[in-house]
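**Q** after the sequence you'll find the predicted model.
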Amino acid sequence: MALVALATLLVWTENTSGMFLKAVMAAAALAGILFLVSMSRLYVLESVPPWDSAYIGISFFLTTAILGAMAMALVTGSPPGNRSYLSALWAASFFFIAGDLLIAVFLTPLYGLVGYRPTPSLRPPARVSRLLFFGRLGLLAGGFIALIMAMAGDDFIAGSGTGSGPLLSVAFALVLASEVAGRFLFYGLAPRPGD
């Protein structure tokens, strides 16, 4: 956060020339990636079998990538002469959401087609609502469809839109709600004492 604050200060004071700003931004990006890796590794516990899988790291990465790309595209809009940057952000969002849908359908512990299945154990079973899983999938699919509709619109294709149209905002809100539901699903996979 300190590196991001420093980069923001440099841009705000218009000290954007030279390599220093680029070095600060690269260091901030690297620190963010290392933080993401360490957070996902923190939750990979042998004592919580549903969390002890590659799904956790992939899920953390996809949440960050999707929401980061969509938020950046909504915040920056379409600067004059930089339409390709905005298009790249929305295209990245499209592919990350598609990947998240596939990962959720196939690898989600308990509910994914090939995800973790509990073995007989003396541990209390995790009680996660199937409705929460399908609600998350529905919200993510709704966000994906809204994004496709926005990207297929004449305004978006012609490049005259600002990149922050109502459909893109709806897509972001649906995907954000989906990721929040995904976190509830994630924490619900861990059995609680007394369950």
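**A** Alright, I've got the coordinates.
**Q** middle-most residue in this structure, spatially?
**A** By Cα atoms, centre = their mean, the chain has its centre lying nearest to residue 63, at 1.8 Å.
**Q** mind telling me what element it is part of?
**A** helix 54-76 (DSSP states H and E).
**Q** kindly report the same for residue 114.
**A** Using DSSP H and E, residue 114 falls outside every helix and strand.
**Q** buried ones in the helix holding residue 63?
**A** For helix 54-76, burial by neighbour count (16 or more other Cβ atoms under 10 Å) applies to 55-57, 59-67, 69-70, 73-74. Quick note: C-beta positions are derived from backbone N, CA and C, even for glycine.
**Q** quick one on the thing from earlier: find the nearest non-adjacent residue to the residue nearest to the centre of the chain, please.
**A** residue 179 (4.9 Å; Cβ to Cβ, 6 or more residues apart in numbering).
**Q** what's the neighbour count on the one you found?
**A** Other residues near residue 179 come to 20 when the count uses other Cβ atoms under 10 Å.
**Q** quick one on the thing from earlier: hmm, the residue nearest to the centre of the chain is touching residue 185, no?
**A** No - under the criterion of Cβ atoms under 8 Å, residue 63 is not in contact with residue 185, lying 12.0 Å apart.
**Q** coming back round to it: the residue nearest to residue 63: which element?
**A** With DSSP H and E as criterion, residue 179 is part of helix 166-188.
**Q** could you list the low-pLDDT ranges of the protein?
**A** Within the chain, the segments meeting pLDDT under 70 span 77-83, 115-128, 154-164, 189-195.
**Q** so where do the strands sit in it?
**A** Read by DSSP state E, the chain holds no strands at all.
**Q** figure out how far stretch 14-25 is from the centre of its chain.
**A** Put simply, stretch 14-25 sits 27 Å off its chain's centre (Cα atoms, centre = their mean, to the nearest Å).
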